[in-house]
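Let's see this in three dimensions:
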Amino acid sequence: MTSSGRLSIPDTLRLHLACGVGLLTRIPVGWLLPSAYKNSSASWPLAQSIWCWPLIGAGIGICTGGLSAVLQCRHIPPLAAAGIALGMQILVTGGLHEDGLADTADSSGGMTPERKLEIMRDSRIGSYGVLALCLAILIRAGVLSSIHSIALACLICGIAGCLARGAFLVVTKTIPPARPDGLARSLYPLAQRNLTIALAVIICLCILLTVFLMPAPLTVACLLTFIVFPILLALAVALLIARYAQRKLGGYTGDILGACAVITECTIMTALSALFY
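Here you go, the predicted structure:
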């Protein structure tokens, strides 16, 4: 910490990473925290840490896709390999986004915004939620089982994971929160500077992943396909979900953001894998 009481740049980056990892995964983050924040009751700068969320998502995606492809190379049946990889992903993330997807699906049975929000806070899961989870797992498992190249699996899942965690930032920038409380409320209003930095990280990650993991020769078409197309697709999904949330709930919730992440991931994985199937 500097003499003025502010964190140094390395400590600030560590704090932001701790915020992101602590929110998006079940990985302990005590070792990441700067000394000034250990055993401290100070609130974490969640909104300032959004730049690293796509980075964490890309890491989760790369590990998931890589594990599935490696297991297939070791003669594990493709669908079983995909199931194991997704199981490990859910263990790491705690099923955070899947929980949001299930709650959002269940809320569609409510007739009013108030009733929908009430259903979202109910810890029980309904038939709509079960069906949504089954479809999300089925789509991702189907995509993973069709990709046998380790590099290609890491590329597709890395980009999908990156954009899935970036897409819900568009939702928080587009519409207000539906509740006056909750963790997602702390993301509103989202500063333009923070969003711009997050977008720059997303673009850089997509470029780096494409350059280093693309199994085919790099061409302009490849760069457009794996950088511009996925970003536009994620943006379209996020805007559609934002419109749905605004009309049905009057704003976003944490569950809406989780649903946005899962739907975006499924959409991008399916679209990119179709190019090589």
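
What's the first helix or strand after the helix or strand where residue 236 lies?
Assigned by DSSP states H and E, residue 236 belongs to helix 229-248. Following helix 229-248 in sequence order, the next helix or strand is helix 254-274 (DSSP H and E).

buried stuff in that following helix?
254-273 (16 or more other CB atoms under 10 Å). The C-beta positions use only the backbone N, C-alpha and C, and glycine is treated the same way.

what do you get for stretch 117-136?
Within stretch 117-136, the residues that qualify as buried are 117, 119, 120, 126, 128, 129, 132, 133, 136, counting by 16+ other CB under 10 Å.

Mark which of those are part of helices, please.
With DSSP state H as the criterion, helices contain 117, 119, 120, 128, 129, 132, 133, 136 from among these.

Distance to residue 206 and pLDDT for those - can I get that in CSV?
Supplementary listing: those in CSV, determined by distance: CB to CB, whole Å; pLDDT from 0 to 100:
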residue, distance to residue 206, pLDDT
117, 35, 95
119, 36, 95
120, 32, 95
128, 33, 97
129, 32, 97
132, 27, 98
133, 28, 98
136, 23, 98
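
Turn those residues into JSON lines, including distance to residue 241.
JSON lines is the format used below for those (distance: CB to CB, whole Å):
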{"residue": "117", "distance to residue 241": "16"}
{"residue": "119", "distance to residue 241": "17"}
{"residue": "120", "distance to residue 241": "14"}
{"residue": "128", "distance to residue 241": "16"}
{"residue": "129", "distance to residue 241": "16"}
{"residue": "132", "distance to residue 241": "13"}
{"residue": "133", "distance to residue 241": "17"}
{"residue": "136", "distance to residue 241": "14"}
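
what's the closest of the residues you listed to residue 60?
Residue 60 has its nearest neighbour among these in residue 136, at 15.0 Å by CB to CB.

Verify the contact between that closest one and residue 100 for me.
No - the criterion here is CB atoms under 8 Å, and residue 136 misses it with residue 100 at 10.9 Å.
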